[in-house]
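[1] please find the sequence and the predicted model below.
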Amino acid sequence: MLDQFRAEFFKALAHPVRIKILRLLRPGEKSVTELQETLGLESSAVSQQLAILRAKNLVVARKDGTKALYAVKDPQIFQLLDAAKEIFDRHLIDSRAVLDELEQEEKALSESGSGA
């Protein structure tokens, strides 16, 4: 049961727009309009992604006059996103090192083959 909950939680993070929304909410509350303008998406698309984040208790909304302002419910989500970024950065560095090594090997092979 707990593993299912974890899987559903991570599914909520499994969309680039939802990740961007969370990053945009890091400094504080934003309206759908503010998010829409920054993301360059229709309000319906932003609202749909916010609904998923709300359903998983990742964001909360409060009314301010006629507009809803969204905020991250638990700021620890940013620690998770930061940790993921560090993992991805290390992965990219490792991948880049492997590619550099392969390029050097290929260059060495082509240089040794062209001199024969």
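    Happy to help now that I have it.
[2] isn't Y70 up against K63?
    No. The criterion here is C-beta atoms under 8 Å, and Y70 misses it with K63 at 11.2 Å. Using the backbone N, CA and C atoms, a C-beta is placed for each residue, glycine as well.
[3] looking at the two, which is more packed in?
    Neighbours per residue, other C-beta atoms under 10 Å: of Y70 and K63, the larger number sits with Y70, 23 against 8.
[4] element containing the more buried one, please.
    strand 67-72 (DSSP states H and E).
[5] flag every buried residue along that strand.
    The neighbour-count check on strand 67-72 (16 or more other C-beta atoms under 10 Å) flags 69-70, 72 as buried.
[6] now the next helix-or-strand element following that strand: how far from the chain's centre is it?
    Where DSSP H and E defines the elements, the next helix or strand beyond strand 67-72 is helix 77-114. Averaging C-alpha positions (C-alpha atoms, centre = their mean, to the nearest Å) puts helix 77-114 21 Å from its chain's average.
[7] can you give me the buried ones in helix 77-114?
    Here helix 77-114 shows I77 as buried, counting by 16+ other C-beta under 10 Å.
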